[in-house]
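S.K.: 3D, please:
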Amino acid sequence: MIRASALYISLIVSILIVLVCGSMLLIGFTYRMQERKQERAQLLRENVASAMLILMQQDFKADTAQQLSLYGKEKDSVSLEKKAWGIYELGLAASWINADTLRKAFLIGTPLTDSLKVLYLADEDRPMSITGKSLIKGTAYLPKSGIKAAYVESSGYADKTLVYGATRDSERDMPAPDAGLLKSLEDLPAFASDADRLQDTVENSFFNPVRRLHVEKDDVFVSGFKAKGHVIISSDSMLVVDKDCMLDGVILVAPYVKIEDNFSGRLQVVATDSIAVGNEVKLSYPSALLVLKNDTAKHQVKIAVGRKSVIEGALFAWEKERSVLMPLIQVGEEAVIKGEVWSKGYVALSKTARVNGSVSAIRLMARVASAIYENYLIDVKLDKTALPKYYLSSELLNKQVKSGRLLCWVN
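M.R.: I've put the predicted structure just below:
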(Lines give C-alpha, C1' and ligand atoms only; values in the text may rest on other atoms or scores of the structure.)
Protein backbone atom coordinates (compact mmCIF):
# COMPACT_ATOMS: atom_id res chain seq x y z
CA MET A 1 0.00 0.00 0.00
CA ILE A 2 1.12 3.55 -0.77
CA ARG A 3 0.50 6.00 1.99
CA ALA A 4 -1.43 9.15 1.11
CA SER A 5 1.38 11.28 2.53
CA ALA A 6 3.77 9.86 -0.12
CA LEU A 7 1.52 11.19 -2.88
CA TYR A 8 1.40 14.53 -1.12
CA ILE A 9 5.20 14.64 -0.90
CA SER A 10 5.49 13.61 -4.58
CA LEU A 11 3.15 16.43 -5.56
CA ILE A 12 5.20 18.95 -3.58
CA VAL A 13 8.47 17.71 -5.13
CA SER A 14 6.94 17.89 -8.60
CA ILE A 15 5.84 21.48 -7.98
CA LEU A 16 9.32 22.36 -6.73
CA ILE A 17 10.89 20.80 -9.81
CA VAL A 18 8.51 22.75 -12.07
CA LEU A 19 9.30 25.99 -10.22
CA VAL A 20 13.04 25.41 -10.40
CA CYS A 21 12.93 24.49 -14.08
CA GLY A 22 10.64 27.41 -14.85
CA SER A 23 12.89 29.77 -12.96
CA MET A 24 15.93 28.50 -14.84
CA LEU A 25 14.13 28.95 -18.15
CA LEU A 26 13.01 32.45 -17.13
CA ILE A 27 16.53 33.38 -16.01
CA GLY A 28 17.94 32.04 -19.27
CA PHE A 29 15.37 33.93 -21.30
CA THR A 30 15.94 37.15 -19.33
CA TYR A 31 19.72 36.79 -19.66
CA ARG A 32 19.40 36.19 -23.39
CA MET A 33 17.11 39.19 -23.81
CA GLN A 34 19.50 41.34 -21.80
CA GLU A 35 22.42 40.08 -23.86
CA ARG A 36 20.59 40.93 -27.10
CA LYS A 37 19.70 44.35 -25.69
CA GLN A 38 23.35 45.00 -24.86
CA GLU A 39 24.36 43.81 -28.33
CA ARG A 40 21.87 46.22 -29.90
CA ALA A 41 23.09 49.04 -27.67
CA GLN A 42 26.70 48.32 -28.61
CA LEU A 43 25.78 48.17 -32.29
CA LEU A 44 23.90 51.47 -32.00
CA ARG A 45 26.93 53.09 -30.33
CA GLU A 46 29.21 51.82 -33.10
CA ASN A 47 26.82 53.07 -35.79
CA VAL A 48 26.58 56.51 -34.16
CA ALA A 49 30.37 56.68 -33.80
CA SER A 50 30.72 55.89 -37.52
CA ALA A 51 28.10 58.52 -38.36
CA MET A 52 30.00 61.09 -36.30
CA LEU A 53 33.19 60.38 -38.21
CA ILE A 54 31.33 61.01 -41.47
CA LEU A 55 29.89 64.27 -40.16
CA MET A 56 33.30 65.52 -39.06
CA GLN A 57 34.74 65.21 -42.56
CA GLN A 58 35.00 68.49 -44.43
CA ASP A 59 33.51 66.80 -47.51
CA PHE A 60 30.20 66.51 -45.65
CA LYS A 61 29.03 70.08 -46.08
CA ALA A 62 26.98 72.14 -43.64
CA ASP A 63 23.20 72.42 -44.15
CA THR A 64 23.13 68.81 -45.33
CA ALA A 65 20.92 65.98 -44.04
CA GLN A 66 20.67 62.40 -45.23
CA GLN A 67 19.93 58.81 -44.25
CA LEU A 68 22.11 55.93 -45.32
CA SER A 69 23.13 52.36 -44.66
CA LEU A 70 26.72 52.29 -43.42
CA TYR A 71 27.69 48.90 -44.82
CA GLY A 72 24.73 47.94 -46.97
CA LYS A 73 23.50 45.47 -44.35
CA GLU A 74 20.65 45.23 -41.88
CA LYS A 75 20.78 47.10 -38.57
CA ASP A 76 23.22 49.76 -39.77
CA SER A 77 20.91 52.61 -40.80
CA VAL A 78 21.93 56.09 -39.64
CA SER A 79 20.61 59.61 -39.96
CA LEU A 80 23.13 62.43 -40.50
CA GLU A 81 22.65 66.19 -40.29
CA LYS A 82 25.18 69.00 -40.19
CA LYS A 83 24.63 72.74 -39.91
CA ALA A 84 26.48 75.85 -38.87
CA TRP A 85 26.13 77.03 -35.29
CA GLY A 86 27.98 80.32 -35.00
CA ILE A 87 31.63 79.79 -35.86
CA TYR A 88 31.33 76.08 -35.15
CA GLU A 89 29.36 73.31 -36.81
CA LEU A 90 26.59 71.26 -35.23
CA GLY A 91 26.44 67.54 -35.91
CA LEU A 92 23.32 65.40 -35.34
CA ALA A 93 23.79 61.63 -35.58
CA ALA A 94 21.15 58.94 -34.98
CA SER A 95 20.93 55.18 -35.42
CA TRP A 96 18.02 52.82 -34.85
CA ILE A 97 17.20 49.11 -34.68
CA ASN A 98 13.48 48.43 -34.53
CA ALA A 99 12.21 50.61 -31.66
CA ASP A 100 15.65 51.22 -30.14
CA THR A 101 17.18 54.58 -31.10
CA LEU A 102 20.38 56.34 -30.09
CA ARG A 103 20.96 60.04 -30.88
CA LYS A 104 23.92 62.34 -30.31
CA ALA A 105 24.21 66.10 -30.79
CA PHE A 106 27.66 67.67 -30.69
CA LEU A 107 29.71 70.64 -31.84
CA ILE A 108 32.49 70.07 -34.33
CA GLY A 109 35.79 71.88 -33.80
CA THR A 110 38.79 72.16 -36.07
CA PRO A 111 42.42 71.47 -35.14
CA LEU A 112 44.72 74.44 -35.50
CA THR A 113 46.44 74.70 -38.88
CA ASP A 114 49.61 75.81 -37.13
CA SER A 115 49.70 74.47 -33.60
CA LEU A 116 52.74 76.63 -32.71
CA LYS A 117 51.65 80.03 -34.07
CA VAL A 118 51.46 82.68 -31.38
CA LEU A 119 51.54 85.88 -33.47
CA TYR A 120 50.79 86.94 -37.04
CA LEU A 121 51.50 90.56 -37.85
CA ALA A 122 50.94 91.65 -41.45
CA ASP A 123 53.96 93.02 -43.29
CA GLU A 124 53.58 96.78 -43.80
CA ASP A 125 57.31 97.38 -44.29
CA ARG A 126 57.99 98.38 -40.71
CA PRO A 127 59.35 96.44 -37.75
CA MET A 128 57.62 95.36 -34.58
CA SER A 129 58.82 96.60 -31.18
CA ILE A 130 58.74 94.90 -27.81
CA THR A 131 59.35 96.45 -24.41
CA GLY A 132 58.79 96.06 -20.70
CA LYS A 133 57.98 92.63 -19.27
CA SER A 134 56.48 91.36 -22.52
CA LEU A 135 56.73 87.74 -23.65
CA ILE A 136 56.29 86.06 -27.03
CA LYS A 137 56.40 82.26 -26.79
CA GLY A 138 55.69 80.27 -29.93
CA THR A 139 56.14 80.73 -33.66
CA ALA A 140 55.87 84.39 -34.65
CA TYR A 141 55.02 85.49 -38.21
CA LEU A 142 56.56 88.95 -38.46
CA PRO A 143 57.29 91.60 -41.11
CA LYS A 144 60.53 91.09 -43.00
CA SER A 145 61.95 94.07 -41.13
CA GLY A 146 61.77 91.92 -37.99
CA ILE A 147 61.40 92.69 -34.30
CA LYS A 148 63.45 94.91 -32.02
CA ALA A 149 63.66 95.90 -28.35
CA ALA A 150 62.48 99.43 -27.63
CA TYR A 151 62.19 102.00 -24.88
CA VAL A 152 58.88 103.47 -23.73
CA GLU A 153 58.81 106.06 -20.97
CA SER A 154 62.48 105.35 -20.13
CA SER A 155 61.77 101.64 -19.70
CA GLY A 156 63.37 99.06 -21.97
CA TYR A 157 62.78 95.37 -22.70
CA ALA A 158 63.38 93.31 -19.55
CA ASP A 159 64.59 90.17 -21.33
CA LYS A 160 67.35 89.34 -23.82
CA THR A 161 65.40 86.90 -26.03
CA LEU A 162 62.87 88.67 -28.26
CA VAL A 163 60.90 85.58 -29.32
CA TYR A 164 60.93 82.23 -27.54
CA GLY A 165 60.33 80.25 -30.70
CA ALA A 166 60.79 80.37 -34.45
CA THR A 167 60.22 83.52 -36.49
CA ARG A 168 58.87 83.48 -40.04
CA ASP A 169 58.02 86.10 -42.62
CA SER A 170 54.41 87.24 -42.78
CA GLU A 171 52.53 88.37 -45.88
CA ARG A 172 51.03 91.79 -46.60
CA ASP A 173 47.49 90.43 -46.29
CA MET A 174 45.83 88.45 -43.54
CA PRO A 175 45.08 84.77 -44.21
CA ALA A 176 41.52 84.69 -45.56
CA PRO A 177 38.80 83.10 -43.39
CA ASP A 178 36.47 80.41 -44.72
CA ALA A 179 34.04 82.14 -47.11
CA GLY A 180 31.13 79.72 -46.61
CA LEU A 181 31.10 79.94 -42.82
CA LEU A 182 31.59 83.70 -42.94
CA LYS A 183 28.56 84.00 -45.24
CA SER A 184 26.39 82.02 -42.80
CA LEU A 185 27.44 84.38 -39.99
CA GLU A 186 26.62 87.46 -42.06
CA ASP A 187 23.17 86.01 -42.82
CA LEU A 188 22.17 85.55 -39.16
CA PRO A 189 20.54 89.01 -38.72
CA ALA A 190 18.25 88.35 -41.70
CA PHE A 191 16.17 85.83 -39.71
CA ALA A 192 15.01 88.31 -37.07
CA SER A 193 11.65 88.85 -38.79
CA ASP A 194 10.73 85.20 -38.19
CA ALA A 195 11.47 85.32 -34.47
CA ASP A 196 9.12 85.17 -31.47
CA ARG A 197 8.94 87.78 -28.72
CA LEU A 198 11.41 87.37 -25.87
CA GLN A 199 10.31 85.16 -22.99
CA ASP A 200 11.58 84.84 -19.42
CA THR A 201 13.09 81.38 -19.79
CA VAL A 202 13.71 79.12 -22.75
CA GLU A 203 15.51 75.82 -23.14
CA ASN A 204 15.59 74.09 -26.49
CA SER A 205 17.20 70.81 -27.45
CA PHE A 206 19.59 70.84 -30.41
CA PHE A 207 17.50 68.03 -31.88
CA ASN A 208 14.64 70.52 -32.24
CA PRO A 209 14.48 73.29 -34.85
CA VAL A 210 16.28 76.44 -33.76
CA ARG A 211 14.23 78.70 -31.50
CA ARG A 212 14.47 82.38 -32.51
CA LEU A 213 13.61 85.12 -30.03
CA HIS A 214 13.56 88.82 -30.85
CA VAL A 215 13.98 91.73 -28.46
CA GLU A 216 11.93 94.79 -29.36
CA LYS A 217 13.32 98.31 -29.12
CA ASP A 218 11.32 99.02 -25.95
CA ASP A 219 12.75 95.93 -24.24
CA VAL A 220 16.45 96.02 -24.98
CA PHE A 221 17.61 95.04 -21.51
CA VAL A 222 17.78 91.27 -20.99
CA SER A 223 17.70 91.18 -17.18
CA GLY A 224 17.67 87.84 -15.35
CA PHE A 225 16.92 86.04 -18.59
CA LYS A 226 17.66 82.30 -18.84
CA ALA A 227 18.34 80.51 -22.12
CA LYS A 228 20.05 77.27 -23.00
CA GLY A 229 20.57 75.22 -26.14
CA HIS A 230 19.39 75.75 -29.72
CA VAL A 231 18.37 79.38 -29.26
CA ILE A 232 19.16 82.58 -31.18
CA ILE A 233 18.32 85.93 -29.54
CA SER A 234 18.31 88.97 -31.83
CA SER A 235 17.65 92.70 -31.75
CA ASP A 236 17.45 95.47 -34.33
CA SER A 237 19.34 97.86 -32.06
CA MET A 238 21.10 96.51 -28.98
CA LEU A 239 21.24 93.70 -26.44
CA VAL A 240 22.38 94.25 -22.90
CA VAL A 241 23.19 91.18 -20.80
CA ASP A 242 23.46 91.67 -17.04
CA LYS A 243 25.23 89.50 -14.49
CA ASP A 244 21.99 87.75 -13.46
CA CYS A 245 21.41 86.29 -16.91
CA MET A 246 22.08 82.57 -17.42
CA LEU A 247 23.08 81.86 -21.02
CA ASP A 248 24.52 78.54 -22.13
CA GLY A 249 25.33 77.69 -25.74
CA VAL A 250 23.07 80.35 -27.28
CA ILE A 251 23.81 82.93 -29.99
CA LEU A 252 23.19 86.68 -29.62
CA VAL A 253 22.75 88.78 -32.78
CA ALA A 254 22.48 92.58 -32.77
CA PRO A 255 24.26 95.68 -34.06
CA TYR A 256 25.50 96.42 -30.53
CA VAL A 257 25.89 93.94 -27.66
CA LYS A 258 26.93 94.86 -24.14
CA ILE A 259 27.87 92.24 -21.54
CA GLU A 260 27.89 93.84 -18.11
CA ASP A 261 30.38 93.36 -15.28
CA ASN A 262 30.67 89.98 -13.53
CA PHE A 263 28.58 88.05 -16.04
CA SER A 264 29.44 84.36 -16.40
CA GLY A 265 28.23 82.05 -19.15
CA ARG A 266 28.93 80.39 -22.46
CA LEU A 267 27.71 81.99 -25.67
CA GLN A 268 28.49 83.34 -29.12
CA VAL A 269 27.91 86.97 -30.07
CA VAL A 270 27.59 88.28 -33.64
CA ALA A 271 27.45 92.09 -33.96
CA THR A 272 27.66 94.52 -36.86
CA ASP A 273 28.70 97.56 -34.85
CA SER A 274 30.44 96.74 -31.58
CA ILE A 275 30.67 94.40 -28.60
CA ALA A 276 31.45 95.73 -25.13
CA VAL A 277 32.50 93.23 -22.47
CA GLY A 278 32.60 94.56 -18.92
CA ASN A 279 35.07 93.94 -16.12
CA GLU A 280 35.58 90.51 -14.56
CA VAL A 281 33.40 88.75 -17.10
CA LYS A 282 33.92 84.99 -17.58
CA LEU A 283 32.96 83.41 -20.92
CA SER A 284 33.58 79.67 -20.82
CA TYR A 285 34.86 77.52 -23.68
CA PRO A 286 33.70 77.37 -26.41
CA SER A 287 32.59 81.01 -26.66
CA ALA A 288 33.08 83.49 -29.49
CA LEU A 289 32.79 87.25 -30.00
CA LEU A 290 32.47 88.36 -33.62
CA VAL A 291 32.00 91.80 -35.13
CA LEU A 292 31.27 91.88 -38.88
CA LYS A 293 31.36 95.29 -40.53
CA ASN A 294 28.67 96.05 -43.10
CA ASP A 295 29.90 97.07 -46.54
CA THR A 296 28.11 100.42 -46.24
CA ALA A 297 29.32 101.27 -42.70
CA LYS A 298 31.53 104.36 -42.39
CA HIS A 299 32.49 103.95 -38.73
CA GLN A 300 35.00 101.77 -36.91
CA VAL A 301 33.66 98.50 -35.54
CA LYS A 302 35.24 97.04 -32.44
CA ILE A 303 35.30 94.51 -29.63
CA ALA A 304 36.29 95.88 -26.21
CA VAL A 305 37.13 93.48 -23.36
CA GLY A 306 37.22 94.93 -19.85
CA ARG A 307 39.69 94.52 -16.99
CA LYS A 308 40.27 91.08 -15.47
CA SER A 309 37.84 89.40 -17.85
CA VAL A 310 38.53 85.86 -19.04
CA ILE A 311 37.34 84.68 -22.45
CA GLU A 312 37.83 81.09 -23.56
CA GLY A 313 37.36 80.87 -27.31
CA ALA A 314 37.73 83.25 -30.25
CA LEU A 315 37.59 87.01 -30.88
CA PHE A 316 37.08 87.91 -34.55
CA ALA A 317 36.78 91.31 -36.26
CA TRP A 318 36.11 91.51 -40.00
CA GLU A 319 35.64 93.90 -42.88
CA LYS A 320 35.54 92.92 -46.53
CA GLU A 321 37.37 95.88 -48.06
CA ARG A 322 40.15 97.55 -46.13
CA SER A 323 39.17 100.99 -44.88
CA VAL A 324 40.83 103.87 -43.05
CA LEU A 325 38.92 102.99 -39.87
CA MET A 326 39.89 99.33 -39.66
CA PRO A 327 38.19 97.02 -37.12
CA LEU A 328 39.59 97.07 -33.59
CA ILE A 329 39.85 94.42 -30.88
CA GLN A 330 40.80 95.94 -27.53
CA VAL A 331 41.82 93.80 -24.54
CA GLY A 332 41.90 95.48 -21.14
CA GLU A 333 44.40 95.27 -18.30
CA GLU A 334 44.81 91.90 -16.62
CA ALA A 335 42.35 90.35 -19.05
CA VAL A 336 43.10 86.83 -20.25
CA ILE A 337 42.14 85.40 -23.65
CA LYS A 338 42.41 81.63 -23.88
CA GLY A 339 42.13 81.00 -27.59
CA GLU A 340 42.47 83.14 -30.70
CA VAL A 341 42.35 86.88 -31.38
CA TRP A 342 41.92 87.62 -35.10
CA SER A 343 41.38 91.09 -36.53
CA LYS A 344 41.48 92.40 -40.08
CA GLY A 345 42.65 95.64 -38.55
CA TYR A 346 43.96 96.55 -35.10
CA VAL A 347 44.53 94.55 -31.93
CA ALA A 348 45.12 96.79 -28.91
CA LEU A 349 46.59 94.92 -25.94
CA SER A 350 46.70 96.86 -22.69
CA LYS A 351 49.46 96.46 -20.13
CA THR A 352 49.34 93.14 -18.22
CA ALA A 353 46.93 91.63 -20.74
CA ARG A 354 47.61 88.00 -21.57
CA VAL A 355 46.77 85.80 -24.55
CA ASN A 356 47.16 82.06 -24.05
CA GLY A 357 46.89 81.21 -27.72
CA SER A 358 47.47 83.40 -30.76
CA VAL A 359 47.02 86.95 -32.04
CA SER A 360 46.59 87.78 -35.75
CA ALA A 361 46.28 91.37 -36.93
CA ILE A 362 47.27 93.91 -39.55
CA ARG A 363 48.56 96.22 -36.80
CA LEU A 364 49.15 96.08 -33.07
CA MET A 365 48.35 99.05 -30.86
CA ALA A 366 49.41 100.02 -27.36
CA ARG A 367 48.38 103.08 -25.33
CA VAL A 368 50.55 104.58 -22.61
CA ALA A 369 49.14 107.69 -20.93
CA SER A 370 48.02 109.88 -23.83
CA ALA A 371 50.37 108.32 -26.41
CA ILE A 372 49.50 105.56 -28.88
CA TYR A 373 52.20 103.24 -30.17
CA GLU A 374 51.65 101.12 -33.29
CA ASN A 375 53.14 97.64 -33.59
CA TYR A 376 54.33 97.71 -29.97
CA LEU A 377 53.95 95.14 -27.22
CA ILE A 378 54.23 96.76 -23.78
CA ASP A 379 54.05 94.46 -20.74
CA VAL A 380 51.93 91.92 -22.65
CA LYS A 381 52.35 88.16 -22.62
CA LEU A 382 51.58 86.02 -25.69
CA ASP A 383 52.09 82.35 -24.85
CA LYS A 384 50.95 79.61 -27.20
CA THR A 385 52.29 76.85 -24.93
CA ALA A 386 49.80 77.92 -22.23
CA LEU A 387 46.85 77.01 -24.46
CA PRO A 388 45.39 73.63 -23.41
CA LYS A 389 46.13 70.78 -25.81
CA TYR A 390 42.43 69.91 -26.09
CA TYR A 391 41.63 73.35 -27.56
CA LEU A 392 39.85 73.18 -30.91
CA SER A 393 39.28 76.14 -33.18
CA SER A 394 36.81 76.77 -36.00
CA GLU A 395 36.91 76.10 -39.72
CA LEU A 396 36.44 79.85 -40.07
CA LEU A 397 40.13 80.35 -39.23
CA ASN A 398 41.47 76.94 -40.27
CA LYS A 399 39.89 76.16 -43.62
CA GLN A 400 42.84 74.05 -44.81
CA VAL A 401 42.06 71.29 -42.29
CA LYS A 402 40.28 68.35 -43.94
CA SER A 403 38.64 66.81 -40.89
CA GLY A 404 37.09 68.16 -37.70
CA ARG A 405 36.99 66.71 -34.23
CA LEU A 406 34.50 66.39 -31.40
CA LEU A 407 34.46 69.73 -29.59
CA CYS A 408 31.75 69.08 -26.98
CA TRP A 409 28.42 67.33 -26.46
CA VAL A 410 25.37 69.56 -26.52
CA ASN A 411 22.69 66.90 -25.91
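
S.K.: what about residue 243, how many residues close to it?
M.R.: For residue 243, the count of nearby residues is 16 (other Cβ atoms under 10 Å). Using the backbone N, CA and C atoms, a C-beta is placed for each residue, glycine as well.

S.K.: same question but for residue 274, I mixed them up
M.R.: 20.

S.K.: show me the contacts for the nearest residue to it once chain neighbours are set aside.
M.R.: Nearest residue to residue 274, sequence neighbours excluded (Cβ to Cβ, 6 or more residues apart in numbering): residue 302, at 5.1 Å. Residues in contact with residue 302 (Cβ atoms under 8 Å, 6 or more residues apart in numbering) are 274, 275, 291, 317, 327, 328, 329, 330.

S.K.: Pull the contacting residues for the first one.
M.R.: Under the criterion of Cβ under 8 Å, 6+ apart, the contact partners of residue 274 comprise 256, 257, 291, 301, 302, 303, 304.

S.K.: what do you get for residue 377?
M.R.: By Cβ under 8 Å, 6+ apart, residue 377 lies in contact with 128, 129, 130, 131, 132, 134, 136, 349, 364, 366.

S.K.: tell me which element the third one is part of?
M.R.: Applying DSSP states H and E as the criterion places residue 130 in strand 128-131.

S.K.: Break the protein into its domains for me.
M.R.: 4-109, 117-391 (automatic domain parsing).

S.K.: Columns distance to residue 410 and mean pLDDT on top of those, output as CSV?
M.R.: Below are these laid out as CSV (distance: least, Cβ to Cβ, whole Å; pLDDT from 0 to 100):
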stretch, distance to residue 410, mean pLDDT
domain 4-109, 5, 83
domain 117-391, 5, 91
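
S.K.: Kindly compare burial across those and name the winner.
M.R.: Among the domains of the chain, the stretch with the highest mean neighbour count (mean count of other Cβ atoms under 10 Å) is domain 117-391, at a mean of 19.

S.K.: on that earlier part again, is it possible to get JSON lines of the domains of the chain that adds distance to residue 402?
M.R.: Listed next are the domains of the chain as JSON lines, based on distance: least, Cβ to Cβ, whole Å:
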{"stretch": "domain 4-109", "distance to residue 402": "5"}
{"stretch": "domain 117-391", "distance to residue 402": "13"}
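
S.K.: Of all residues in this structure, which one is nearest the centre?
M.R.: residue 286 (3.5 Å; Cα atoms, centre = their mean).

S.K.: Bridged to the nearest residue to that residue once chain neighbours are set aside, which residues?
M.R.: Distances taken as Cβ to Cβ, 6+ apart put residue 313 closest to residue 286, at 5.0 Å, once the chain neighbours are dropped. For residue 313, the beta-bridge partners under DSSP bridges are residue 287, residue 339.

S.K.: now swap in residue 215 and tell me
M.R.: According to DSSP bridges, the partner residues bridging residue 215 are residue 235.

S.K.: circling back: go through the contacts of residue 377 and say which is closest to residue 105.
M.R.: Minimum distance to residue 105 across those is 36.5 Å, recorded for residue 349 (Cβ to Cβ).

S.K.: now that closest one, nearest residue through space, not along the chain?
M.R.: Distances taken as Cβ to Cβ, 6+ apart place residue 380 nearest to residue 349, at 4.5 Å, with adjacent residues excluded.

S.K.: ok, now how distant is that neighbour from residue 389?
M.R.: For residue 380, the distance to residue 389 equals 23 Å [Cβ to Cβ, to the nearest Å].

S.K.: quick one on the thing from earlier: check the contact between the residue nearest to residue 349 and residue 347; I expect there is one.
M.R.: No: the criterion here is Cβ atoms under 8 Å, and residue 380 misses it with residue 347 at 10.1 Å.

S.K.: Please name whichever of the domains of the chain is nearest to residue 406.
M.R.: Judged by Cβ to Cβ, the one of these that comes nearest to residue 406 is domain 4-109, at 5.7 Å.

S.K.: And what about residue 184, helix, strand or coil?
M.R.: Under DSSP: H, G, I helix; E, B strand; the rest coil, the three-state class of residue 184 is helix.

S.K.: got it, and residue 391?
M.R.: coil.

S.K.: Could you pull up the contacting residues of it?
M.R.: 112, 285, 338, 339, 357.

S.K.: could you redo the last one with a cut-off of 10 Å?
M.R.: 109, 111-112, 115, 285-286, 312-313, 338-340, 356-357, 407 (Cβ atoms under 10 Å, 6 or more residues apart in numbering).
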